[in-house]
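A.B. asks: Model the structure of this input:
(one chain, ligands or ions: 1)
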Amino acid sequence: MAAYDFNAPRLFIDAPLQAGARIALDRGQANYLLNVLRLKAGETVLIFNGRDGEWRAEVMVEGRKAADLVCAERIREQEAAPDIIYAFAPLKHARLDYMVQKAVEMGAGVLQPVLTRRTQASRINLERMRSNAVEAAEQCGILSIPEVREEENLERFLNGLEKDRLVVFCDENAPVSNPVEALAKLGNNQAGLVVIVGPEGGFTDQERALVAAHERCVCVSLGPRILRADTAAVAALAIVQAVLGDWN
Ligand code: SAM
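C.D. replies: Okay, here's the model as predicted:
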């Protein structure tokens, strides 16, 4: 990664960013900068909005509780979000929080909750997922906020995929074999990707058949041990990024 100022705090700001633009922070953001980070007037924050790249902005303090930021210079051009859909059976609270943050750090461009027969979580808090995605994006240095989609039934989700989109199916029942070799055989994947991981109770055979029926589906083993779904998220995305994604 180009020399990057990892020390400067980063904030996602949902407002147009251009030279000289002055942005009023909301109370939470002002409190974070002034009272948590104890930034002073004139100090620097990196800001991004997912459209206009990343900007260096200066803090303008307006009393103890309010602050504005003034855009000084663009330091990174906007990049396209990665075309990786991370499809997963929603988990219960803390595990779901963790999985959302890790999927963002690992480069998922879309987070797609899919409902399978053994999905445990009933109600999915999309707003909570979105705020976890923003926090992870601010922390890991990406320029877009991954899209968190409404939950979908597995079959409808699969039917809605482009035929040439590659589905990397993490199947705990797959015979143990090297996932890196399985993906490397595919060569340079031009179309977008889906990485799909099942629920804590696993996929049913009927669901396996549904996923495997997708035009371009590669079924991978993540080794001889059964991983928790949130562990599988990190393992699967690491292998995909290393062989087909932006790690190579
Ligand atoms: N049915 C499993 C069992 O026997 O306990 C539990 C499923 S596992 C907790 C959750 C998901 O993680 C699986 O559906 C699969 O997508 C993925 N996963 C876990 N271990 C895996 C492995 N060794 N190989 C491939 N996928 C795995």
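A.B. asks: what sits up against the host helix or strand of residue 94?
C.D. replies: According to DSSP states H and E, residue 94 maps onto helix 93-105. Helix 93-105 has contacts (CB atoms under 8 Å, 6 or more residues apart in numbering) with 86, 88, 90-91, 111, 121, 124, 128-129, 132-133, 135-137, 139-140, 142, 146, 148, 228-230, 233-234, 237. C-betas here are computed from N, CA, C, even on glycine.
A.B. asks: Equivalent analysis for stretch 126-141, please.
C.D. replies: So stretch 126-141 is contacted by 1, 4, 6, 10-12, 96-97, 100-102, 104-105, 111, 113, 144-146, 148, 150 (CB under 8 Å, 6+ apart).
A.B. asks: would you put the C-alpha positions of that stretch in PDB?
C.D. replies: What follows is stretch 126-141, C-alpha atoms only, in PDB (Å, rounded to 0.1, in the frame of the first residue of the first chain):
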ATOM      1  CA  LEU A 126     -29.400  -3.800   9.100                       C
ATOM      2  CA  GLU A 127     -28.700  -0.300  10.700                       C
ATOM      3  CA  ARG A 128     -26.300  -2.000  13.200                       C
ATOM      4  CA  MET A 129     -24.600  -3.800  10.400                       C
ATOM      5  CA  ARG A 130     -24.300  -0.600   8.500                       C
ATOM      6  CA  SER A 131     -22.700   1.200  11.400                       C
ATOM      7  CA  ASN A 132     -20.300  -1.700  11.900                       C
ATOM      8  CA  ALA A 133     -19.400  -1.500   8.200                       C
ATOM      9  CA  VAL A 134     -18.700   2.300   8.500                       C
ATOM     10  CA  GLU A 135     -16.500   1.800  11.600                       C
ATOM     11  CA  ALA A 136     -14.500  -1.000   9.900                       C
ATOM     12  CA  ALA A 137     -14.100   1.200   6.700                       C
ATOM     13  CA  GLU A 138     -12.800   4.100   8.800                       C
ATOM     14  CA  GLN A 139     -10.400   1.800  10.500                       C
ATOM     15  CA  CYS A 140      -9.000  -0.200   7.600                       C
ATOM     16  CA  GLY A 141      -8.400   2.700   5.200                       C
END
